[in-house]
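> Show me the folded form of this:
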Amino acid sequence: MPARRKSTARRTTARKPTRAKSAKKAAARKAPAKAGGGLDGLARKIVRATVDPTKFSVTDLYTADCVSEEVAGPAAHGHSGIEQKLRQWESMQRSTKWKARNVVLGRNVICIEWDAEVTLNDGRVAKLPEVAIHEVKGGKIARERFYYNPAALAPPQG
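The predicted structure is shown next:
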């Protein structure tokens, strides 16, 4: 019986990537999808601007023809409508502490579940759970809707 010869056939499995390639791929996974952060970057801006209003800029976050809807009251349209709505909110409360509980991203939608503690002008502190849905167009908010119980902010009866 003849002796078996060693096979010189090459393996068909892929080679391991070099360290430089592996590091590059890992960095790409951690980096935002687009320059400027894409949808994830906009969600982070919204959270930062809500938690710290000094970081809020209507023109950075909203399209010129944006629409903002609350549970009650008329919708706000455009940058001037958003600014008017913010002035009204500021006039009814002393301070608000916001905490984003969940942030969910869709194809062109950002949904944020908030827990807020609002100190109203009369001294009452109201718990305000809220869900905000932001529809995005061109990297900015084009339409948004806020869902919460408005009775949490209403004056006490009696």
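
> And stretch 60-73, end to end?
Its start and end residues considered, stretch 60-73 measures 25 Å (C-alpha to C-alpha, to the nearest Å).

> contacting residues around it?
Around stretch 60-73, the neighbours that count as contacts under C-beta atoms under 8 Å, 6 or more residues apart in numbering are 42, 45-46, 49, 75-79, 81-82, 85, 137-138, 140-150. All C-beta atoms are positioned from the backbone trio N, CA, C, and that covers glycine.

> let's see 10 Å
42, 45-46, 49, 58, 75-83, 85-86, 88-89, 130, 132-150, 153 (C-beta atoms under 10 Å, 6 or more residues apart in numbering).

> Same check on stretch 92-104?
Contacts of stretch 92-104 (C-beta under 10 Å, 6+ apart): 40, 43-44, 46-53, 89-90, 110-126, 128-133, 153.

> try stretch 149-158
70-73, 89, 92-93, 116, 118, 120, 122, 124, 126-130.

> where does the spatially most central residue of the chain land in three-state SS?
Centroid check for the chain by C-alpha atoms, centre = their mean gives A43 as the closest residue, at 2.3 Å. Under DSSP: H, G, I helix; E, B strand; the rest coil, A43 falls in the helix class.

> in stretch 99-119, what counts as buried?
Neighbour counts over stretch 99-119 (16 or more other C-beta atoms under 10 Å) mark 100, 103, 110, 112, 114, 116, 118 as buried.

> I figured the third one was touching A132, is that so?
Yes. Proximity of I110 to A132 meets the contact threshold set by C-beta atoms under 10 Å, at 8.1 Å.

> Name the residues contacting each of these two.
46, 103, 141, 144.

> Just confirm the first one is within a helix.
I take that to be I46. Yes. Counting by three-state DSSP, one finds I46 located in a helix.

> hmm, which of the contacts of stretch 60-73 are the buried ones?
42, 45-46, 49, 58, 76, 78-79, 81-82, 85, 130, 132-136, 140-145, 148, 153.

> Out of the residues you listed, list just those in strands.
76, 130, 132-136, 140-145 (DSSP state E).

> Those: which two are farthest apart?
Greatest spatial distance in these: E130 and K140, 20.8 Å, computed using C-beta to C-beta.

> so I133 makes contact with I112?
Yes. With contact defined as C-beta under 10 Å, I133 counts as touching I112 (8.2 Å).

> if I look at these two, which residues touch both of them?
By C-beta under 10 Å, 6+ apart, the residues touching both I133 and I112 are 104, 144, 146.
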